[in-house]
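Asker: Need a 3D model of the sequence below.
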Amino acid sequence: MSTKAELIKEMMEMQKKFISHEHEHGVDPQEYFAPEPGSDLDGYRQKYRDIAMKVVDMAHEEVGSVR
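Answerer: The predicted model follows:
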């Protein structure tokens, strides 16, 4: 399993790619929330959310809190 820092780094890389795509092509809500299969944004939201939730869980575990 990846460390929290590695997961955060992966999230940052995903954000950079998203921003680059947005600047080059623009992003409308339809493309973001219901992307076409195989498009640059296909699976982006779900993958980003999954990584973010892993980071949140790791942070809670580190401090002994409950989400």
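Asker: So for this protein, the centremost residue is which one?
Answerer: By Cα atoms, centre = their mean, the chain has its centre lying nearest to Tyr48, at 1.9 Å.
Asker: Next up, the contacts around Glu31.
Answerer: When contacts are counted by Cβ atoms under 8 Å, 6 or more residues apart in numbering, Glu31 touches 39, 41. No exception for glycine: its C-beta is placed from N, CA and C like everyone else's.
Asker: tell me which element it falls in.
Answerer: Following DSSP states H and E, one finds Glu31 within helix 29-33.
Asker: Could you list every helix and strand that whichever helix or strand comes after that helix packs against?
Answerer: Downstream of helix 29-33, the next assigned helix or strand under DSSP H and E is helix 44-63. Judged by 3 or more Cβ pairs under 8 Å, 6 or more residues apart in numbering; DSSP states H and E, helix 44-63 is in contact with helix 4-25.
Asker: How far off centre is the helix it packs on?
Answerer: Here helix 4-25 is found 7 Å from its chain centre; the criterion is Cα atoms, centre = their mean, to the nearest Å.
Asker: Export only the CA atoms of it, formatted as CSV.
Answerer: C-alpha atoms of helix 4-25 as CSV (Å, rounded to 0.1, in the frame of the first residue of the first chain):
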residue,chain,number,x,y,z
LYS,A,4,0.0,9.0,2.6
ALA,A,5,2.7,11.2,1.0
GLU,A,6,2.7,9.1,-2.2
LEU,A,7,-1.1,9.2,-2.4
ILE,A,8,-1.0,13.0,-2.0
LYS,A,9,1.6,13.2,-4.7
GLU,A,10,-0.6,11.2,-7.0
MET,A,11,-3.5,13.5,-6.3
MET,A,12,-1.3,16.5,-7.1
GLU,A,13,-0.3,14.9,-10.5
MET,A,14,-3.9,14.2,-11.3
GLN,A,15,-4.8,17.9,-10.5
LYS,A,16,-2.0,19.1,-12.8
LYS,A,17,-3.3,16.9,-15.7
PHE,A,18,-6.8,18.0,-15.1
ILE,A,19,-5.8,21.7,-15.1
SER,A,20,-3.8,21.2,-18.3
HIS,A,21,-6.7,19.5,-20.0
GLU,A,22,-9.0,22.3,-18.8
HIS,A,23,-6.7,25.0,-20.2
GLU,A,24,-6.3,23.3,-23.5
HIS,A,25,-9.9,22.0,-24.2
